[in-house]
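[1] Could you look at this predicted model? Sequence included:
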Amino acid sequence: MPERLRIALAQLNPVVGDLSGNAAKILDARAEAGDADLVVTPELSVSGYPPEDLVLRPSYVDACMKAAAALAQKTVDGPGVIVGCPWKDDGHADRPYNAALLLDRGKVAGVARKVHLPNYGPFDEPRTFAAGPSPQALKFRGWQLGLMVCEDMWFPHVSRRLKEAGADMLIAPHGSPFRRNVKRERRDHAEARSLETGLPLFFVNQVGGQDELVFDGGSFAVSAGRVRGQLPLFVEKVQGFDIVKDDGSLQVSRSEYADWPEDEALVYEAVLVGTRDYVLKSGFRQVVLGLSGGIDSALVAAIAVDALGAANVHCVRLPSRYTSEASMTDAEACAKALGTRLDTIPIEPGVEAMTGMLAGIFAGRQPGLAEENIQSRLRGTALMAISNKLGSMMLTTGNKSEMAVGYATLYGDMNGGYNPLKDVYKVDVFRLARWRNANKPDWALGPGGEVIPEAIIAKPPSAELREDQKDEDSLPPYEVLDAILHGLVEEEASVDAIASRGFDEELVRRIQTMLFRAEYKRRQSAPGPKVSTRYFGRDRRYPIVNRFTG
Ligand SMILES: Nc1ncnc2c1ncn2[C@@H]1O[C@H](COP(=O)(O)OP(=O)(O)OC[C@H]2O[C@@H]([n+]3cccc(C(=O)O)c3)[C@H](O)[C@@H]2O)[C@@H](O)[C@H]1O
Ligand SMILES: Nc1ncnc2c1ncn2[C@@H]1O[C@H](COP(=O)(O)OP(=O)(O)OP(=O)(O)O)[C@@H](O)[C@H]1O
Ligand SMILES: NC(=O)CC[C@H](N)C(=O)O
């Protein structure tokens, strides 16, 4: 075994299906790695993760394997590279493997097939991939590499098997999506695998947004149970680590250690990256949104400006007869602080036209929800018309509390292509707004300072769809609502169990009824970035028709 090996961890932001773009990224990272012997890229870095049912298309798998073979030909000199790629062995008729390939000296020098295919939470890999056989270590320039693809790091037997097979180190390419408190989960597994085997371990994660998932990077190396360096969160980076032989055992020398941000920063950055990558990777540059003077749309505007730059964010005020003067001035102050374009389109002519059109059918009935929702729908229609005409994607703003209880109008304020706050409870909307007024991520494109005027944060939330309406007329205070929802959604706790925490049982039951009933709305809602352990997407698959109330 040589005395020293330099490994570069390359946390990259691939685009699913952009095989040539992803290959170019991998080659750029290899060039940046300089004198490294080996460059490690994330899970399925050639195809982008997760490729979902694209893997069921033989043409996709063939194209990925061809792209990997072409990459291998570029490794005649210089560092070897580990890339992730769907892989079919010759004569293998079943689904492909989710594989990590060692590319070296101009060829595919080794294949490691993922053994544990996750199918919980957002994952569904057994649907598209075949599970790999018992793993083997791969020979690389006098070393033995123990490759474990993502979920394989979550169980002790893959690393144990690799150690028995003679591995000198464990290398774990990941497509591990962000969720709160994920750091501890990853560290616990990585440290345990390293301690159980006595081998150094390298964790390499993807960064960037892919539909509803956000990958945070945060790649790191562990040796003798200690973290020896950590890459930053949410940004692409290539960082080198040296493995040296010391008294017969292998040690990883210390490398740069990026801080792990506080909770508000993590959630804000996750939502920002999810929104930016969804918009840009979908081929848009600009967004449009209704800026009401309330906190949800103000926070979405700030996130959009940080993600895309003020010049690419178009805010529109759409006042009705119920819109207060304060809402108008607060929205204006917010757009000014963020530096965005602000237009004003009163919806009153539309309201009159619609009520006139419906007068015959509505005759003899009291005004109510239908008239309230017409206002929301007119705003949704106007904003989609602007999106069609100017080519900007419409952002929608309903937070997780509203999405949970159905407090939003279908085909109205639920219109839009992406919802940055879909997985953020209202209490956290307030925390994030305060955090953003006091902080700005270094790489965010927006201005610093107070971008969400304090008046917007301080006032009671209102949909302003009728005279003097406040959210708390029909919903409990958000602290109470969100605590109950956390129990129902994140914990799957029963009504009784939540009531025993000190909440009124009838209230908990009412919230559960609203939650179950609103499933039909959520199924028609825009996607948004997952930040919790249970987002309203593939993490929580409830039936729409459901009479269970227990
Ligand atoms: N199971 C089911 N499957 C399919 N469709 C179903 C359905 N149940 C009802 N529907 C349909 O859905 C309609 C009811 O939904 P929808 O028209 O949206 O109306 P709805 O949910 O009745 O009212 C909207 C609620 O959201 C509140 N809101 C609106 C706008 C903004 C905000 C805010 O503060 O952010 C709050 C508003 O105050 C009101 O409480 C029914 O008339 C029916 O057409
Ligand atoms: N007067 C308005 N002008 C522009 N957009 C509006 C207006 N009223 C509502 N909207 C749009 O509809 C969304 C839902 O707004 P609404 O005021 O009903 O409830 P909200 O959830 O409290 O949101 P916000 O805190 O942004 O007001 C807003 O976030 C905004 O995008
Ligand atoms: N892609 C994967 O296999 C991810 C699963 C893993 N448990 C994680 O969330 O990090």
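    Noted; the coordinates are in hand. Ligands and ions are numbered 1, 2, ... in the order given.
[2] Residue of this structure nearest ligand 2, please.
    residue 294 (2.0 Å; CB to the nearest ligand atom). C-beta here means a position set from N, CA and C on the backbone, and glycine is covered the same way.
[3] Run through the residues that contact the closest residue to ligand 3 within the stretch 351-500 of the chain.
    Nearest residue of the stretch 351-500 of the chain to ligand 3, counting by CB to the nearest ligand atom: residue 423, 15.9 Å away. Residues near residue 423 by CB atoms under 8 Å, 6 or more residues apart in numbering: 400, 528, 529, 530, 531, 532, 535, 536.
[4] Ignoring the adjacent residues along the chain, who's closest to it?
    Nearest residue to residue 423 in three dimensions, chain neighbours excluded: residue 535, at 4.3 Å (CB to CB, 6 or more residues apart in numbering).
[5] tell me the SS of that neighbour?
    Here residue 535 is recorded as coil under DSSP: H, G, I helix; E, B strand; the rest coil.
[6] Surely it touches residue 214?
    No: between residue 535 and residue 214 there is no contact under CB atoms under 8 Å: 10.6 Å.
[7] These two: which is more packed in?
    residue 214 (28 against 25; other CB atoms under 10 Å).
[8] quick one: the helices in the stretch 451-550 of the chain?
    In the stretch 451-550 of the chain, the helices defined using DSSP state H, counting those that start in this stretch lie at 454-458, 471-474, 478-485, 495-499, 505-517, 519-523.
[9] what residue of the protein is the furthest out?
    Using CA atoms, centre = their mean, the residue of the chain lying farthest from its centre is residue 364. It sits 48.8 Å away.
[10] Tell me, what's the model's pLDDT at that residue?
    pLDDT recorded at residue 364 is 97.
[11] Check residue 170 too.
    pLDDT, residue 170: 98.
[12] got the contact list for the residue nearest the centre of the chain?
    Against the mean C-alpha coordinate of the chain, by CA atoms, centre = their mean, the closest residue is residue 214 at 2.4 Å. If you count contacts by CB under 8 Å, 6+ apart, residue 214 has them with 177, 178, 208, 234, 270, 271, 273, 274, 277, 529, 530, 531.
[13] mind running it again at 7 Å?
    Residue 214 sits next to 177, 178, 270, 273, 274, 529, 530 when contact means CB atoms under 7 Å, 6 or more residues apart in numbering.
[14] Could you measure from the last one over to ligand 3?
    Read it as residue 530. Separation of residue 530 from ligand 3 (CB to the nearest ligand atom, to the nearest Å): 11 Å.
[15] quick one on the thing from earlier: out of the helices of the stretch 451-550 of the chain, which is closest to ligand 1?
    Using CB to the nearest ligand atom, the nearest of these to ligand 1 is helix 519-523, at 3.5 Å.
[16] Closest residue of the stretch 51-200 of the chain to ligand 1?
    Counting by CB to the nearest ligand atom, the stretch 51-200 of the chain gets nearest to ligand 1 through residue 180 (23.9 Å).
[17] what number of residues lie near residue 76?
    Residue 76 has 10 nearby residues by other CB under 10 Å.
[18] just checking, it touches residue 104?
    No: at 9.3 Å, residue 76 does not count as touching residue 104 under the criterion of CB atoms under 7 Å.
[19] Going by mean pLDDT, which of the helices of the stretch 451-550 of the chain comes out lowest?
    Across the helices of the stretch 451-550 of the chain, helix 471-474 gives the lowest mean pLDDT, at a mean of 78.
[20] And for that one, what's in contact with it?
    460, 461, 462, 463.
[21] Spell out the secondary structure type for the residue farthest from the centre of the chain.
    coil.
[22] for it, what are its contacts?
    Neighbours of residue 364 in contact, by CB under 7 Å, 6+ apart: none.
[23] Let me see the contact set for the residue lying closest to residue 538 once chain neighbours are set aside.
    Leaving aside its chain neighbours, residue 538 sits nearest to residue 122 (4.5 Å; criterion: CB to CB, 6+ apart). Residues near residue 122 by CB under 7 Å, 6+ apart: 177, 213, 530, 537, 538, 539.
[24] Mind pulling the model confidence for residue 122?
    So residue 122 comes in at 96 (pLDDT).
[25] I am finished for the moment; much appreciated.
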